[in-house]
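Undergrad: Could you work out the structure for the sequence below:
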Amino acid sequence: MLRAACRCTVAKNERAVWIDTAGTVVGAFWDEGPFLIQPKSRKDALKGAEELLQCGGFALVVLDGTEPEGTETVRLTRAVREGGGAFVAITPHPSLAKLRLESKILPHSYQWRRGPFDDPVDVQTATVRVRARAAGWNASADITVPVTPHDVRLSLEPGLADRRGLPR
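TA: As a prediction, the model looks like this:
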């Protein structure tokens, strides 16, 4: 959902940035989408998020892989207020959040494509339960989403040049 929000922000000619401290984000999503920053340390991620939020040049800042603690949360909240953008911290402990979102895949909701021997081969769809909470209200919805496999391109695929060992 956050990736879709980032793409929508960019489609509206505004800037979005995803700060990935864990270094787990890869793939073609980032070619035309938001800026991707992969800082080397937790401290760099928090400083960068605060600076990007304060400057007012970004409509959406997503912090992934680093959990703000104590005064860091207060500083980031203040930076959001000063800059006027939106801030999302992906964390299991949402302190000082205006809106809390939780999502989980329902375990028995998978729809499978069956093989020739009637065994499950590929997942076709899955249902995700999304729960939103804010001061004074609580709502949830079940969303069925299609599952699309993504094959990782390898340098040894036919038709591609083997570029291992070449300088960048």
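Undergrad: host element of Ala5?
TA: Taking DSSP states H and E as the criterion, Ala5 maps to helix 2-11.
Undergrad: Packing partners of that helix?
TA: strand 16-20, strand 60-64 (3 or more Cβ pairs under 8 Å, 6 or more residues apart in numbering; DSSP states H and E). In this view, the C-beta of every residue, glycine as well, is placed from N, C-alpha and C.
Undergrad: same thing but 10 Å
TA: The contact analysis (3 or more Cβ pairs under 10 Å, 6 or more residues apart in numbering; DSSP states H and E) places helix 2-11 against strand 16-20, strand 35-37, strand 60-64, strand 86-90.
Undergrad: Tabulate those in JSON lines, adding columns for mean neighbour count, distance to Gly115 and mean pLDDT.
TA: Converted to JSON lines, the helices and strands packed on helix 2-11 look like this (neighbours: other Cβ atoms under 10 Å; distance: least, Cβ to Cβ, whole Å; pLDDT from 0 to 100):
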{"stretch": "strand 16-20", "mean neighbour count": "22", "distance to Gly115": "36", "mean pLDDT": "91"}
{"stretch": "strand 35-37", "mean neighbour count": "16", "distance to Gly115": "37", "mean pLDDT": "86"}
{"stretch": "strand 60-64", "mean neighbour count": "23", "distance to Gly115": "36", "mean pLDDT": "91"}
{"stretch": "strand 86-90", "mean neighbour count": "19", "distance to Gly115": "36", "mean pLDDT": "87"}
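Undergrad: Any chance of TSV for these, columns distance to Trp112?
TA: Shown next, in TSV, are those (distance: least, Cβ to Cβ, whole Å):
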stretch	distance to Trp112
strand 16-20	32
strand 35-37	33
strand 60-64	30
strand 86-90	29
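Undergrad: hang on, the earlier thing: model confidence over the helix holding Ala5, on average?
TA: Averaging pLDDT along helix 2-11 gives 84.
Undergrad: Just the buried residues of it, please?
TA: Within helix 2-11, the residues that count as buried by 16 or more other Cβ atoms under 10 Å are Arg3, Ala5, Cys6, Thr9, Val10.
Undergrad: Three-state assignment for the closest residue to Pro39 other than its chain neighbours, please.
TA: Sequence neighbours aside, Ala45 is the residue nearest to Pro39 in space, at 4.4 Å (criterion: Cβ to Cβ, 6 or more residues apart in numbering). Under DSSP: H, G, I helix; E, B strand; the rest coil, Ala45 falls in the helix class.
Undergrad: And for Arg129?
TA: Secondary structure state of Arg129, per three-state DSSP, is strand.
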